[in-house]
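K.L.:
Sharing a model prediction with you, sequence too.
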Amino acid sequence: MNSFGKHIILTSYGESHGKAVGAILDGFPAGFEIDMSYIQSQLDRRKPGQSALTTSRKESDLIDVQSGVFEGKTTGAPIHFQLLNTDAKPKDYDKLKDIYRPSHADFTYEAKYGIRDYRGGGRSSARITAGWVASGALVQDYLQKKQGINITSYVSQIGTVLMEDIGQKYTQAQVDSSPVRCPIEKTSEQMIQAVNQAKNSKDSLGGVITCVISGVKPGVGNPVFGKLNALLAHAMMSINATKGFEIGGGFDMASKLGSEVNDSFVKEEDIIKTKSNFSGGIQGGISNGMDIVFRVAFKPTSTIGVEQITLDNSHDKVTLEASGRHDPCVVPRAVPIIETMAALVLGDLII
């Protein structure tokens, strides 16, 4: 499956070291003035090589819209977003072509298809999310301008470094003031130190991104198999390296009493709200008008320089010390992916 959504449909294509990556967005409304600078800004937040804490691969990720836009406005036709791979170095992966990297998709792709593109992981690479971000950024811009829905994310944990996180709202400027996209300066500095330490040790770290969505009216989502929280979970767990999703009070609620986490309803200026938000803005699979708050956990980057014992495709034991260009921590670059995938979910339900 390379397509996502039912009404506004994203179809993704490309490989890490192929000629290009991108996406086709079908079903988006006609007549919306496309803000290329906003789409490019989200791509710039995702692109490699943006700081010393990311992979050294340098891709400009300049977006090329090849169809579906005329005189600056969407036409209702499929919109084709394409990004050329200009800094691909497939020879970096020649030594890995016969090796199953621990915790990577090498083995599973070969088990499913009988063939795999070993150049940077091919289709399993997070490189392909560039097309998702371009498409989702268009929807995100639409939701903000036409529906008053604001989607922001920030890094709330890297490794063992955590910020105090109760689903606060931060501006994009506050988030992007830090190279690890943590809006709390002291915590950000500790995260940077942790990433640098892992990088210097040829190792990697995982982390958590918190997303806060405001402005969604009550009634969005469906009560059974189209639950808003389930659709968000599907989108987030489709992102590379994700291993966990929780909404509102999440897993902490498993150790609480109902009297501690039930969200009581109150009326303020003719608007029904809840006194607390352990539900994360969604009850019974449907939005209740409160901020939607969820968190996504990312595992450490699989390809590392630390010596590991694994197997090759002849099932012989080999020692691997992987080289090449890899993020010591993928989490900061995933912030715009979280936001734009959330926008695709909401856009599919609302637009």
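P.N.:
Ah, there it is.
K.L.:
alpha carbons only for contacts and neighbour counts from here, please
P.N.:
Will do.
K.L.:
for the record, mean pLDDT for stretch 116-124?
P.N.:
On average, the pLDDT along stretch 116-124 is 86.
K.L.:
my bad, stretch 22-38
P.N.:
98.
K.L.:
Now do that stretch: distance to the chain's middle.
P.N.:
Distance of stretch 22-38 from its chain centroid, counting by C-alpha atoms, centre = their mean, to the nearest Å, is 19 Å.
K.L.:
contacts for that stretch?
P.N.:
Residues from elsewhere that reach stretch 22-38, judged by C-alpha atoms under 8 Å, 6 or more residues apart in numbering: 7-14, 69, 72-83, 128, 130-132, 134-135, 137-138, 141-142, 351.
K.L.:
Show residues contacting stretch 237-246.
P.N.:
124-126, 129, 233, 236, 294-301, 337.
K.L.:
now the end-to-end length of that stretch.
P.N.:
By C-alpha to C-alpha, to the nearest Å, the extent of stretch 237-246 from end to end equals 11 Å.
K.L.:
buried stuff in that stretch?
P.N.:
M237, I239, N240, A241, T242, F245, E246 (16 or more other C-alpha atoms under 10 Å).
K.L.:
So which of these are in strands?
P.N.:
Secondary structure of those is defined by DSSP state E; positions in strands are T242, F245, E246.
K.L.:
Which single one of those is nearest to I213?
P.N.:
Using C-alpha to C-alpha, E246 comes nearest to I213 of those, at 14.4 Å.
K.L.:
which secondary structure element contains S188?
P.N.:
helix 185-200 (DSSP states H and E).
K.L.:
any residues touching the helix or strand just after that helix, and which ones?
P.N.:
Proceeding N to C from helix 185-200, the next assigned helix or strand is strand 207-214, under DSSP H and E. With contacts defined as C-alpha under 8 Å, 6+ apart, strand 207-214 is touched by 149-159, 167-169, 290-300, 331, 335, 338-339.
K.L.:
As CSV, could you dump the C-alpha coordinates of strand 207-214?
P.N.:
C-alpha atoms of strand 207-214 as CSV (Å, rounded to 0.1, in the frame of the first residue of the first chain):
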residue,chain,number,x,y,z
GLY,A,207,12.9,10.0,21.6
VAL,A,208,9.3,11.4,21.8
ILE,A,209,7.5,14.1,19.9
THR,A,210,4.4,15.7,21.3
CYS,A,211,1.7,17.1,19.0
VAL,A,212,-1.0,19.7,20.0
ILE,A,213,-3.9,20.4,17.7
SER,A,214,-6.2,23.3,18.5
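K.L.:
ends of stretch 178-190, how far apart?
P.N.:
Stretch 178-190: ends 11 Å apart by C-alpha to C-alpha.
K.L.:
Same question for stretch 280-292.
P.N.:
Start-to-end, stretch 280-292 (C-alpha to C-alpha) is 5 Å.
K.L.:
again with stretch 94-108
P.N.:
For stretch 94-108, the end-to-end distance is 19 Å (C-alpha to C-alpha).
K.L.:
which secondary structure element contains T108?
P.N.:
Judged by DSSP H and E, T108 forms part of helix 106-113.
K.L.:
what sits up against that helix?
P.N.:
Under the contact criterion C-alpha under 8 Å, 6+ apart, helix 106-113 has outside partners I99, Y100, R101, I115, R116, Y118, G121.
K.L.:
Which positions in stretch 340-351 come out as buried?
P.N.:
Using 16+ other C-alpha under 10 Å as the test for burial, stretch 340-351 gives T340, M341, A342, A343, L344, V345, L346, G347, D348, L349, I351.
K.L.:
hang on, I meant stretch 155-171
P.N.:
Under the neighbour-count criterion of 16+ other C-alpha under 10 Å, stretch 155-171 has V155, S156, Q157, I158, G159, V161, L162, M163, G167, K169 buried.
K.L.:
again, but for stretch 43-60
P.N.:
Buried residues in stretch 43-60 (16+ other C-alpha under 10 Å): 43-50, 53-55, 57, 59-60.
K.L.:
so how far is that stretch off the chain centroid?
P.N.:
In terms of C-alpha atoms, centre = their mean, the centre of stretch 43-60 is found 15 Å from the chain centre.
K.L.:
for stretch 246-263, same thing?
P.N.:
25 Å.
K.L.:
Report the mean per-residue pLDDT for that stretch.
P.N.:
97.
K.L.:
what about it, start to end distance?
P.N.:
17 Å.
K.L.:
How about stretch 299-313?
P.N.:
Stretch 299-313 end-to-end distance (C-alpha to C-alpha) = 25 Å.
K.L.:
Determine the number of other residues adjacent to the residue lying closest to V21 once chain neighbours are set aside.
P.N.:
Once flanking residues are discounted, V21 sits nearest to G14: 4.1 Å by C-alpha to C-alpha, 6 or more residues apart in numbering. For G14, the number of neighbouring residues by other C-alpha atoms under 10 Å comes to 23.
K.L.:
With secondary structure, distance to T187 and pLDDT as extra columns, can I get the buried residues of stretch 155-171 in a markdown table?
P.N.:
Output for those, formatted as a markdown table (DSSP: H, G, I helix; E, B strand; the rest coil; distance: C-alpha to C-alpha, whole Å; pLDDT from 0 to 100):
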| residue | secondary structure | distance to T187 | pLDDT |
| --- | --- | --- | --- |
| V155 | strand | 10 | 97 |
| S156 | strand | 9 | 97 |
| Q157 | strand | 9 | 97 |
| I158 | strand | 10 | 98 |
| G159 | coil | 12 | 97 |
| V161 | strand | 7 | 97 |
| L162 | strand | 7 | 96 |
| M163 | coil | 6 | 94 |
| G167 | coil | 16 | 85 |
| K169 | coil | 16 | 92 |
